[in-house]
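Trainee: 3D, please:
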Amino acid sequence: MDKTHPEHDRHANPLRPDKPDKHAEHQRRARGEHEGHGHEGEHHAGHEAHGGHAGHGRGDRGDHVGQFRRLFWIMLVLGVPVVGLSPMFADLLGYQLPDAAWVWWVSPILGTVIYIWGGQPFLTGAVSEIRDRNPGMMLLISLAISVAFVASWGATLGILNPELNFWWEMVLLVIVMLLGHWIEMRSLAQTTSALDSLAALLPDEAEKIDGGDVVKVAPADLVLGDVVIVRPGSSVPADGRIVDGSASMDESMVTGESKTVRREAGEQVVAGTVATDSGLRVEVTATGDDTALAGIQKLVADAQASSSRAQRLADTVASWLFWFALGAALITALVWVLLGMPDAAVARSVTVLVIACPHALGLAVPLVVSIATERAARGGVLVKDRLALESMRTVDSVLFDKTGTLTKGEPTVTGVHPVGSHSEDEVLALAAAAESDSEHPLARAIVGAVDTRNLVVPRSSDFSASPAVGVKATVDGKVVEVGGPYLLEKHGRQELPVADQWRDEGAIILHVIADGEIIAALRLADEIRPESRDAVDA
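Mentor: Below is the predicted model of the structure:
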């Protein structure tokens with residue numbers, strides 16, 4: 001595993017077998033991305049064999065969250081004096097208002113600001129629903145606040161009955177609805193972050209081979225048949241087929257499994273997966289919407305665009321309720337006019353229109369659905385369809401198709417078996433020292449285990465690595481090596497007996513060798529998530 005060994009050079013630079021790749025070598029020295037662990041051949045044979053806001057785009061949902069949050073707090077501050085200085089509200093609570101002329105104008109002035117500014121999202125939505133000839137919740141809310149606004153001004157100016165002073169009711173309606181839409185938008189934004197995370201899996205640039213040159217292009221500019229270079233530690237820019245080189249691929253973003261999978265020339269790789277130990281040349285076989293990553297993104301987007309049965313029912317009811325509210329207001333006006341009380345007809349009709357806005361329907365249903373989706377996303381559950389989420393109340397058994405569904409998706413050291421006089425902490429510190437310059441997922445797991453135990457890691461030097469074999473470094477005067485079965489084969493050693501038990505448990509097995517002698521075996525596995533453990537125990 002010496003750096004000058006021709007076999008190591010061949011693995012370290014499969015992209016340019018005819019000449020050194022200085023850029024790749026610089027990256028490897030700086031980031032330690034040329035390492036490899038030889039567990040794939042043993043452990044992966046099986047793998048190798050086989051609502052109401054439809055116009056809100058993903059990119060601006062964060063803006064909508066901020067918009068509704070700001071509007072809610074501003075309208076709440078403006079609404080406090082409107083409600084507090086309302087004669088009707090004062091009568092309800094039994095306190096006296098100041099005997100001053102300005103008190104009478106506080107509610108009309110601030111109420112107008114709240115109607116125009118705070119009600120703007122609902123008024124705009126109502127216009128859209130009218131334009132689409134599809135009356136719904138936005139039109140119903142706008143009808144209520146608009147009628148209350150006009151009636152209240154009429155009462156303030158003495159044109160209409162004083163009973164029609166609805167300033168505080170209108171203000172509270174706007175504030176409550178802003179609160180509901182803020183929470184709903186925040187929930188949608190949090191689930192949208194899943195799309196952002198998926199998009200971040202793709203590299204910003206792809207290195208395309210153009211004749212004898214390597215040019216950097218955006219992944220979106222790749223076309224079928226292009227050959228790209230995937231350097232150690234980098235992600236694949238598009239679905240493709242390996243035409244040169246081999247690497248241990250981190251495919252956890254697709255499979256959920258923490259174990260890397262060895263991919264050889266001729267095999268397929270998926271956009272967003274990472275070559276952990278070696279470089280590759282990949283011929284592009286799918287781009288854009290045809291990639292597997294785009295398919296996953298579409299599932300997430302469809303989940304966000306879907307609505308539950310309760311939400312669909314609420315939307316349908318809101319549409320019908322608009323017409324029922326208008327009909328009820330007209331019937332009320334007609335009855336009171338026939339009774340010879342035209343003034344009462346206006347007052348009662350306006351009251352019907354104001355109270356017809358279903359506060360609970362407009363607030364509770366979106367909140368319940370949004371909060372349920374948010375809680376599911378926080379627990380790592382992707383809801384493909386909200387109808388499925390709604391039907392979860394009838395589920396009493398759940399089947400999981402792979403461990404990555406329940407686990408963290410990254411390996412962790414779960415066992416240390418030292419040999420002879422060596423202690424667990426000692427061998428773990430030596431292994432971490434040898435792995436400290438490596439970016440391999442297993443190396444990060446070993447270093448993370450040392451950090452968890454608060455151990456002191458000795459200095460290492462002469463680091464080198466060989467894909468599918470392991471790493472090597474000099475630590476405290478000892479040549480320490482960490483790797484899988486190919487490392488043992490190289491030294492002519494047999495694995496420790498405990499490996500058979502660990503293998504039956506599905507663990508990754510690495511051995512630590514110091515000066516040619518085995519000093520320990522390490523067990524690495526993907527830990528189950530705490531929330532998943534609770535679900536499994538239940």
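
Trainee: in what helix or strand does the spatially most distant residue from the centre of the chain lie?
Mentor: Seen from the C-alpha centroid of the chain, the residue lying at the greatest distance (Cα atoms, centre = their mean) is G340, 62.6 Å away. Counting by DSSP states H and E, no helix or strand carries G340.

Trainee: kindly report the same for the one 4 residues further on.
Mentor: Using DSSP H and E, the secondary-structure element containing A344 is helix 342-355.

Trainee: how far away from the center of its chain is that helix?
Mentor: The chain centre lies 48 Å from the centre of helix 342-355; the measure is Cα atoms, centre = their mean, to the nearest Å.

Trainee: buried set for it?
Mentor: By neighbour count on 16 or more other Cβ atoms under 10 Å, the buried set for helix 342-355 is A344, A345, V346, A347, R348, S349, V350, T351, V352, L353, V354. C-betas here are computed from N, CA, C, even on glycine.

Trainee: count the neighbours of L522 for me.
Mentor: Neighbours of L522 under the rule other Cβ atoms under 10 Å: 26.

Trainee: surely it is in contact with L430?
Mentor: No: assessed by Cβ atoms under 8 Å, L522 is found out of contact with L430, at 11.0 Å.

Trainee: what do those two both touch?
Mentor: V512 (Cβ atoms under 8 Å, 6 or more residues apart in numbering).

Trainee: what helix or strand is the residue nearest to I509 when sequence neighbours are not counted located in?
Mentor: Excluding its sequence neighbours, the residue lying closest to I509 (Cβ to Cβ, 6 or more residues apart in numbering) is A499, at 4.9 Å. Here A499 sits within helix 498-504, counting by DSSP H and E.

Trainee: how far off centre is that helix?
Mentor: Worked out by Cα atoms, centre = their mean, helix 498-504 lies 36 Å from the chain centre.

Trainee: before we move on, what about stretch 204-211?
Mentor: The answer for stretch 204-211 is 29 Å, by Cα atoms, centre = their mean.

Trainee: check stretch 113-133 too.
Mentor: 31 Å.

Trainee: which parts of that stretch are buried?
Mentor: Neighbour-count burial for stretch 113-133 [16+ other Cβ under 10 Å]: I114, Y115, G118, G119, P121, F122, L123, G125, A126, E129.

Trainee: which residue packs closest to K298, ignoring adjacent ones?
Mentor: Per Cβ to Cβ, 6+ apart, closest to K298 is D289, 7.7 Å.

Trainee: may I have the phi/psi pair for the one you found?
Mentor: phi -70, psi -10 (degrees, to the nearest 10).

Trainee: state the pLDDT value of it.
Mentor: Looking at D289, its pLDDT stands at 76.

Trainee: and the one 5 residues further on, by the same measure?
Mentor: A294 is assigned 76 on the pLDDT scale.

Trainee: just the one 4 residues further on next, same as before
Mentor: You'll see K298 listed with a pLDDT of 74.

Trainee: can you check the one 10 residues further on too?
Mentor: If you check S308, the pLDDT there is 55.
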